[in-house]
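Visitor: my questions are about this predicted structure, shown below with the sequence.
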Amino acid sequence: MKRIILLVIVSLSFGTLAYSQSISDNAIGLRLGDNEGFGAEISYQRAFSDNNRGEFDLGWRSGNNFSGFKLTGLYQWVWDLGNNFNWYAGAGGGLGSYSYNGHHNHGNHHGGDFSETFIFIAGDIGIEYDFDFPLLLSLDFRPELGFGDYRDDLDFDIALGVRYQF
């Protein structure tokens with residue numbers, strides 16, 4: 001059974017590669033979601049070939065008692081669905097840092113100041129629409145597995161991306 005599933009996945013992958021389209025060399029914009037308190041991220045995409053690219057996102061957030069940043073890097077494969085739609089999947093990871101001032105209830109830390117740097121691995125799957133003018137809209141799902149005292153679990157992020165292509 002496992003061999004049949006693997007054969008189907010490989011066959012579909014090769015079939016969709018035949019229809020890949022050229023993607024923009026560069027795209028920059030915002031990725032708007034809500035993952036661990038990061039609502040907006042500056043997002044940059046750089047094409048490596050006709051159907052592969054890198055995505056780099058920087059998110060930061062601050063509130064009354066906390067501040068933090070998160071830097072993410074992903075390698076993505078892009079496939080053409082027709083009518084200016086693409087779907088993509090990728091993998092990568094990143095690092096981040098949180099700082100708390102005052103009272104919070106997480107782990108063994110209660111009250112006082114606390115800060116932590118963490119690393120994570122991430123996957124990414126999404127769909128995008130490439131307008132006839134240099135605008136790219138995307139909707140993606142990104143599971144992240146964090147390693148650290150604060151981020152030691154699996155988190156899910158769904159986000160809307162709006163990017164200018166050049």
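Guide: Sure, I can see it. Numbers count the residues shown, from 1 in each chain.
Visitor: mind listing what's buried in the one helix or strand residue 41 maps to?
Guide: Using DSSP states H and E, residue 41 sits within strand 38-47. Buried positions in strand 38-47, judged by neighbour count with 16 or more other Cβ atoms under 10 Å: 38, 41, 43, 45, 47. For the C-beta atoms, the positions are set from N, CA and C on the backbone; glycine is no exception.
Visitor: sheet partners, orientation included, of it?
Guide: Take DSSP bridges as the rule and strand 38-47 pairs in its sheet with strand 26-35 (antiparallel), strand 52-62 (antiparallel).
Visitor: avg pLDDT for the helix or strand encompassing residue 145?
Guide: Using DSSP H and E, residue 145 falls within strand 135-147. This predicted structure assigns strand 135-147 an average pLDDT of 95.
Visitor: now do stretch 58-77
Guide: Stretch 58-77 shows an average pLDDT of 88 in the prediction.
Visitor: and the contacts of it?
Guide: Identification of contacts with stretch 58-77 by Cβ atoms under 8 Å, 6 or more residues apart in numbering yields 31, 36-42, 45, 51-57, 88-104, 122, 124.
Visitor: just to revisit the earlier point, what angle sits between the strand holding residue 145 and strand 38-47?
Guide: Relative orientation of strand 135-147 versus strand 38-47 (axes from the mean of the first three to the mean of the last three Cα atoms, to 10 degrees): 110 degrees.
Visitor: now do the buried residues in the first helix or strand past strand 135-147 going along the chain.
Guide: Per DSSP H and E, the first helix or strand lying C-terminal to strand 135-147 is strand 154-165. The neighbour-count check on strand 154-165 (16+ other Cβ under 10 Å) flags 157, 159, 161, 163, 165 as buried.
Visitor: tell me the spacing between the last one and residue 70.
Guide: Think residue 165. According to Cβ to Cβ, to the nearest Å, residue 165 stands 24 Å off from residue 70.
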